[in-house]
Structure formats: structure tokens, C-alpha cells
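Undergrad: build the 3D model from these lines:
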Amino acid sequence: MSLKSIRRQCESALEDVPVPNPFDISDFCRVISSRRGRALYLVPKQTRLGPCGVWLSLPEVDYVFYEAETSQLHREHIILHELGHLLCEHQPTEVLDEEVVAQLLPDLNPAVVYRVLGRTTYTAIEEQEAEMLASLVRGRVEHDLRTARKLGVPLTPGLSALTTTRSAGFVTPCSP
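TA: Below is the predicted model of the structure:
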């Protein structure tokens, strides 16, 4: 599949998804949670093991783990990438090392996670779709930022946060 085809497909998937303006990642997660009819939690990773971001899907809840010790922009991109998998309706398939699972969710039996996540691996196309969706959302946000600046609109705390490098250290519930 060509990059142009992936972009068209992702634009179509994002077409009727409202992107908050001003942008706030928690508000965007609430939009996704509401669309899916499932609880969604953002959780900073406390370990450098495993990938920068992980989508963990259980029967009634989604968790998006993200690298907390990086810039605000990078954290949001990691989260948007994982949300891209949800918006594209990919099946969670990444196999995680038992040590990573134990550190991410110490109270959860790793066997449950393997049943949910251990089917196959994401394809290169699924990764490209998730990355494209993250980039498309980020493009909308940056367009809104540029427009606000051109119009002389004062930046709200949400927009100002996009230019900082703060670290989040808490679980964010994003359920509607």
C-alpha cells in the first residue's frame, strides 16, 4: 500500500473525529473513549523496558502507556500513535516480555495480557497508519496554533502546554 493510500485511509478514519480546539490530549482521549464505548486510561511508564508507547486492551478497558521522561511534544506523539491504532481499529497484537508486563501492571496476571495481546504482531502497514494518524492530528493542532498566533489570540493553558517540556507522572482517566 502506498503512503498516499495510507494517508487517504487515515484522513477518512479521522474525518468525523472531533479534535479539541484548543487541543488537550486528555480531552482527545475522552473523544476516543466515547466513540469506542470503553474506558481509556493514559498511564506514564515507570520503566524504560519495552517500546516508548504501548496500547493494552482488556475486555472492557484500554490503557495507553507512554514514556514520561521525554518532552511534552514527544509524549503526545507517542500517545497519538497508540490512539491511531484504536482509531484504525487495529487488533492489539504486540507480545510483551513478562518483565515489562509486570512493571506496567503489577496487579494483573501476565497470562491475561498474553491472551489479549499475544495473537500476532502489528504489520508494517498498521504501524504506518498509526504514525500517519498521529501526524494528521498533530498537523491539525499545529494549524490551530499558527492560526491563533496570527490572530493574536492569547494562548490558553492547553495550547501553552504544547510548547513546554513538562513531565506527567499520573494515571489520567479519559472516560466520558
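
Undergrad: quick one: the helices in this protein?
TA: With DSSP state H, the ranges of helices along the chain come out as 3-14, 25-36, 72-87, 98-104, 110-117, 124-150, 157-161.

Undergrad: want to try CSV for those, with distance to Tyr63 and mean pLDDT as columns?
TA: (C-beta placed from N, C-alpha, C; glycine too.) Compiled in CSV, the helices of the chain are given as follows (distance: least, CB to CB, whole Å; pLDDT from 0 to 100):
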stretch, distance to Tyr63, mean pLDDT
helix 3-14, 21, 88
helix 25-36, 11, 93
helix 72-87, 9, 91
helix 98-104, 8, 70
helix 110-117, 10, 59
helix 124-150, 16, 80
helix 157-161, 22, 50
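
Undergrad: tell me the most buried of these?
TA: The highest mean neighbour count among those, using mean count of other CB atoms under 10 Å, belongs to helix 72-87: a mean of 22.

Undergrad: about what we covered before: which stretch among the helices of the chain comes nearest Lys45?
TA: Closest approach to Lys45 among the helices of the chain (CB to CB): helix 98-104, 6.8 Å.

Undergrad: buried residues of stretch 56-67, list them for me.
TA: Judged by neighbour count using 16 or more other CB atoms under 10 Å, the buried positions of stretch 56-67 are 56-58, 62-67.

Undergrad: thinking again about what came up before, could you dump the helices of the chain into a markdown table with distance to Pro51 added?
TA: Output for the helices of the chain, formatted as a markdown table (distance: least, CB to CB, whole Å):
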| stretch | distance to Pro51 |
| --- | --- |
| helix 3-14 | 20 |
| helix 25-36 | 18 |
| helix 72-87 | 9 |
| helix 98-104 | 9 |
| helix 110-117 | 12 |
| helix 124-150 | 11 |
| helix 157-161 | 24 |
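
Undergrad: how about the ones you listed, which one is nearest Gln46?
TA: Among the helices of the chain, the nearest to Gln46 by CB to CB is helix 98-104 (6.5 Å).

Undergrad: returning to that earlier point: now, which of the buried residues of stretch 56-67 sits nearest Ser34?
TA: Minimum distance to Ser34 across the buried residues of stretch 56-67 is 12.3 Å, recorded for Asp62 (CB to CB).

Undergrad: any idea how far the closest residue to the closest one other than its chain neighbours lies from Tyr66?
TA: Using CB to CB, 6 or more residues apart in numbering and skipping residues adjacent in sequence, the residue nearest Asp62 is Leu40, 4.7 Å away. Distance, Leu40 to Tyr66, using CB to CB, to the nearest Å: 13 Å.

Undergrad: follow-up on the earlier one: spatially, which two of the buried residues of stretch 56-67 are the most separated?
TA: It's Leu58 and Glu67 that sit farthest apart of those, by CB to CB, at 21.3 Å.
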